[in-house]
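*Asks:* Any chance you can model this:
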Amino acid sequence: MVKIAPSLLSANFAYLKEEIDEIKKADADWIHYDVMDGHFVPNISFGYSILKDVSKVTDMFLDVHLMISDPFKYVDHFIDSGASLIVFHVEAMKDEANIQALIEHIHEKNVQVGISIKPATAVDVIDKYLAMLDVVLVMSVEPGFGGQSFMESSLDKVRDLKMRRELNHYHYLIEIDGGINAQTGQLCKDAGVDVMVAGSYVFQGDNYQERIESLR
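*Replies:* Coordinates of the predicted model:
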């Protein structure tokens, strides 16, 4: 069954612990934690200190998505703050050696690792790293802002990643993020997605459990 990862970016931060408790009660699988630096993407969100607070009030799997320019510089802070999974953007990295070193570094810290690709980035760009990854995150909107429309072209990448996984016996999960609702969620499931990030669709609903169940 597909995993659902509500994005805290859409939660009410005046009641953050209550929001986290509610999505857990509503059978969400992961918490998606978006980190934006105002440089790699044109927006700013939250850093590792809030993640540390979040990790103190929940035992949920913390899926940390680094939309930042220098992931290596900050990754240990997020690991130390309780990240279960670190996903970084291939577009933020300097070269192949840097990418491989970061993947190995995160795994050495006993944390799962994923790579994310923007809508304009082809799967071929990350092909040589697929065997090392726990997650591949396909962005179905341009990263940096919530509430954008789903790009159906992202589904071709999902199908491609599923095919490569089957052919090569890789173990990564295919995650998708951006514009997810009941309708686009069905398209994602049909294409082979394993994890769906949903922000505004879940948190702007009156009943979190109903919204989460509608994505399954």
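*Asks:* Could you check how far the residue lying closest to Arg165 once chain neighbours are set aside is from Ile212?
*Replies:* Distances taken as CB to CB, 6 or more residues apart in numbering put Tyr172 closest to Arg165, at 6.5 Å, once the chain neighbours are dropped. Quick note: C-beta positions are derived from backbone N, CA and C, even for glycine. Between Tyr172 and Ile212 the computed distance is 23 Å (CB to CB, to the nearest Å).
*Asks:* Next up, phi/psi of Arg159, please.
*Replies:* Note on Arg159: backbone dihedrals following degrees, to the nearest 10 are phi -60, psi -40.
*Asks:* Distance from the chain centre to the lowest-mean-pLDDT helix or strand in the chain, please.
*Replies:* When the helices and strands of the chain are compared on mean pLDDT, DSSP states H and E, helix 200-203 comes out lowest with a mean of 91. Put simply, helix 200-203 sits 15 Å off its chain's centre (CA atoms, centre = their mean, to the nearest Å).
*Asks:* related to what we said a few turns ago, next up, the contacts around the residue nearest to Arg165.
*Replies:* Gly114, Leu130, Leu133, Asp134, Val135, Val136, Leu161, Arg165 (CB atoms under 8 Å, 6 or more residues apart in numbering).
*Asks:* quick one: which of the residues you listed sit in helices?
*Replies:* Counting by DSSP state H, the contacts of Tyr172 place Leu161, Arg165 in helices.
*Asks:* Let's have the contacts of Tyr172 in a markdown table, adding neighbour count.
*Replies:* Shown next, in a markdown table, are the contacts of Tyr172 (neighbours: other CB atoms under 10 Å):
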| residue | neighbour count |
| --- | --- |
| Gly114 | 24 |
| Leu130 | 17 |
| Leu133 | 20 |
| Asp134 | 19 |
| Val135 | 20 |
| Val136 | 28 |
| Leu161 | 26 |
| Arg165 | 18 |
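*Asks:* Just the closest of the contacts of Tyr172 to Ile68, please.
*Replies:* Gly114 (14.5 Å; CB to CB).
*Asks:* Surely the closest one touches Ile86?
*Replies:* Yes: contact criterion CB atoms under 8 Å: Gly114 and Ile86 qualify, at 7.2 Å.
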